[in-house]
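Chemist: Model the following, please.
(2 chains)
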Protein chains: 2
Amino acid sequence: MFEVTHVDPSGARIGQLHTASGVVETPAFMPVATNGSVKTLSFDTVAGLGFEALISNAFVLYLRPGLEVIEAAGGLHKFMGWDKTVFTDSGGFQMLSPEFLGKTSEKGVLFRSPIDRSRHMLTPEACIDIQNRLGSDVAMVLDDLVPFGSDRDALSAAASRTTRWAGRCKEANRSDGQLLFAITQGGTDLALRRRSAEALVDIGFDGYAIGGLSIGEPKDVMSQILREQARVLPEDRPRYLMGLGSPTEIIDAITSGMDIFDSTFPTRNARHNGAYTFKGYLNISRGGFKNDTAPIEDSCKCYACKNHSRAYIHHLLRSREQTGKSLMTIHNLYFMQRLMALTKEAIREERLLEFKEEVSGQISSKYQVKV
Amino acid sequence: MFEVTHVDPSGARIGQLHTASGVVETPAFMPVATNGSVKTLSFDTVAGLGFEALISNAFVLYLRPGLEVIEAAGGLHKFMGWDKTVFTDSGGFQMLSPEFLGKTSEKGVLFRSPIDRSRHMLTPEACIDIQNRLGSDVAMVLDDLVPFGSDRDALSAAASRTTRWAGRCKEANRSDGQLLFAITQGGTDLALRRRSAEALVDIGFDGYAIGGLSIGEPKDVMSQILREQARVLPEDRPRYLMGLGSPTEIIDAITSGMDIFDSTFPTRNARHNGAYTFKGYLNISRGGFKNDTAPIEDSCKCYACKNHSRAYIHHLLRSREQTGKSLMTIHNLYFMQRLMALTKEAIREERLLEFKEEVSGQISSKYQVKV
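Modeler: Next comes the predicted model:
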């Protein structure tokens, strides 16, 4: 189901994840399709960018359009018109979203729908039933997530509950072909993190995600936790760091042994005029680009860079033309693919730490504008 | 420059317009790219739909991004990244747009920029200079347009001024490869329309547009005027009916001898959830489509219909996903292309009036929802 084919001295791996819909080569970045669409793009464009997997949100799709609609279409793949791998997030992360007003108890999470204010009890069993019915390739357990800065007791309780819920999820699972990934919790506390991972490994899952990170903690703390998690997690299972989208942080996490990533960061930044380049972050709507006949990035072969100038995209963004956001999104997702390709090359050549230094020097860690 | 290859008994023609950027087979519908972008689409998609020409707006582009920016890019084609035929509208139509606050005198039109409130005097000479510099394939003269319902004196004065301005435009033109089309005026008055067309033909242009229609007049009045205009205009010049986008009205205008069309109608309706089909207009956001696993139109081979259901597109529209608007736009533009292809086939087989009856029976004239 998961084979590691190369390991770099840093601990970074190249692997192949086999799902019911195909093979995902890791390290892999997954675009986010919360509502069943990668924002601003059609799926032929997403596939054309070379993505082998994306992540959608089971709970959000359960609320709208509803399971009956997706089941009538023959499952989530057919509903969306995407035949490659689909991960579904459980909805646990929505606990941190004020508009969902989540209230957690041992039973599960009571949510309010932000669409029509209706109440929905998301138990671990319900979360698995939803994902079984959606027919995603990889289902995520329901985890108990507490905000960054919670005290040790709260972190400990949430991690323990996440383990109990993960057990209930595994028990409830009725799908054959669908993989089930657990999620570690424990905030920034190394001992709690270790305990969480060990307990989940004891239950046994197809893969392990690291949850509750990149929600505010310092960068070096995250690295330390990731290394600790990788030490405990089995070598032959994929490791998925949820919600991390900063290019330099992703490379850093790969050196810590992480395999799979997802984030709305590249696509959301694109819609807010921010282009990723290997020389830093460019706000293309700034006046300095008005007359700039160069592409967003000279070395880039994406559709936007091959066909359009900064000046043209600047003009579309200023004129509030939706196509401007699409071109920016194409560029940023292509950038993430280039970054993954270069990272894999560096792992194959066993020089990932060197590559990380090179890239981090060019792409500033804060990814600020450098014009 | 323009050859008529087939004529139907109705007077409808098939022709080939040769421009500096290629051949446009007529009857042709042009998507509108006012700001240099067909809203919600990238140009590879527009080209993939088979369009050979589009229309942009010279005055709007002059205001933003400005001529210097487009000249620095090497002209409008290179700026946009579209190498096929480009028409540019002069800006005359913006006289009817309240946000431009146009004030007309013999000299030209004094506009206020809706972007920054700056004043701009658009004379016939300036209008041609702008279009020469943009390097479009077909430039339009500046015409004097008065609202529907203006009295005969106002219509007569505007038509006469349009003729004088057309003469000044021809005089001012410094471009070799660019074609220049005149625009007839005269509202719904047959005698004024005849006089306008005759005077413009006397001056001599590469093509003739019919302006000041489809702004509120009854449908049968428009047909009568078009037939009268076609009678006066030379056979060997293309006839462009500006701003008409209703499918049945376009077919009707083709039977009256019109060759070229443009309208924001199909793309704007798409963004407001309205799909064109050969069985009528469908508002895909309506509840009845929530569970509908059929494509927008069974017989349609567009990307949206080949890959997605009404239920999926309904879901995207309800979830305010931009991709929903793109898929709807693709469908409606493809519909216009199918309509043009079927119309040409009917002209070749000399049965256009029959085809018109068939289609009009299916597509209601008001293009109302039939679910």
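Chemist: near chain B at all, stretch A:265-283?
Modeler: No: for stretch A:265-283, no contact with chain B is found by Cβ under 8 Å from any Cβ of the partner chain; the gap never falls below 8.6 Å. In this view, the C-beta of every residue, glycine as well, is placed from N, C-alpha and C.
Chemist: Between the two ends of that stretch, how far is it?
Modeler: With Cα to Cα, to the nearest Å as the measure, the first residue of stretch A:265-283 is 14 Å from its last.
Chemist: Tell me how many other residues crowd the nearest residue to A:V60 once chain neighbours are set aside.
Modeler: Spatial nearest neighbour of A:V60, excluding adjacent residues (Cβ to Cβ, 6 or more residues apart in numbering or on different chains): A:T34 at 5.4 Å. If you count neighbours by other Cβ atoms under 10 Å in any protein chain shown, A:T34 ends up with 17.
Chemist: Contact partners for A:T34?
Modeler: For A:T34, the contacting residues are A:56-57, A:60, A:264, by Cβ atoms under 8 Å, 6 or more residues apart in numbering or on different chains.
Chemist: if we take these, which one ends up nearest to chain B?
Modeler: Within the contacts of A:T34, the smallest distance to chain B is 8.9 Å, found for A:V60 (Cβ to the nearest Cβ).
Chemist: I'd assumed A:A33 was in contact with the closest one.
Modeler: No: counting by Cβ atoms under 8 Å, A:V60 sits too far from A:A33 to count as a contact (10.1 Å).
Chemist: Please say which of those two ends up with more neighbours.
Modeler: Between A:V60 and A:A33, counted using other Cβ under 10 Å, A:A33 has the larger neighbour count: 26 against 20.
Chemist: Quick check: phi and psi at the more buried one.
Modeler: phi -130, psi 60 (degrees, to the nearest 10).
Chemist: What confidence value was assigned to it?
Modeler: As predicted, A:A33 sits at a pLDDT of 98.
Chemist: Next: A:K370.
Modeler: 34.
Chemist: coming back round to it: just the ones of the contacts of A:T34 in strands?
Modeler: Counted as lying in strands by DSSP state E, out of the contacts of A:T34, are A:56-57.
Chemist: show me the contacts for A:N307.
Modeler: B:43-44, B:81.
Chemist: Could you rerun that using 10 Å?
Modeler: Applying Cβ atoms under 10 Å, 6 or more residues apart in numbering or on different chains, we find A:N307 in contact with A:295, A:327, B:42-44, B:80-82.
Chemist: Highest neighbour count among the residues you listed?
Modeler: Of all the contacts of A:N307, A:L327 has the most neighbours under the rule other Cβ under 10 Å, reaching 29 neighbours.
Chemist: buried sites along whatever helix or strand that residue lives in?
Modeler: Element membership of A:L327, judged by DSSP states H and E, is helix A:322-348. Residues of helix A:322-348 classed as buried: A:322-340, A:342-344, A:346-347 (neighbour count, 16 or more other Cβ atoms under 10 Å in any protein chain shown).
Chemist: sorry, back to before: tabulate the contacts of A:N307 in TSV, adding columns for distance to B:R133 and pLDDT.
Modeler: Below are those laid out as TSV (distance: Cβ to Cβ, whole Å; pLDDT from 0 to 100):
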residue	distance to B:R133	pLDDT
A:P295	24	98
A:L327	25	98
B:S42	25	97
B:F43	21	97
B:D44	27	96
B:M80	15	97
B:G81	18	96
B:W82	17	97
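Chemist: Out of those, flag the one nearest to A:V359.
Modeler: Set against A:V359, the nearest of the contacts of A:N307 by Cβ to Cβ is A:P295 (20.1 Å).
Chemist: what about that closest one, distance to A:Y303?
Modeler: As judged by Cβ to Cβ, to the nearest Å, A:P295 and A:Y303 stand 11 Å apart.
Chemist: Ok, A:F111 next?
Modeler: Distance of A:F111 to A:Y303, computed by Cβ to Cβ: 38 Å.
Chemist: Repeat that for A:E321.
Modeler: Distance from A:E321 to A:Y303, by Cβ to Cβ: 16 Å.
Chemist: model confidence over stretch A:54-62, on average?
Modeler: 97.
Chemist: quick revisit: host element of the residue nearest to A:V60?
Modeler: Residue-wise, A:T34 maps onto no helix or strand under DSSP H and E.
Chemist: Got the phi and psi for it?
Modeler: According to degrees, to the nearest 10, A:T34 has phi -50, psi -50.
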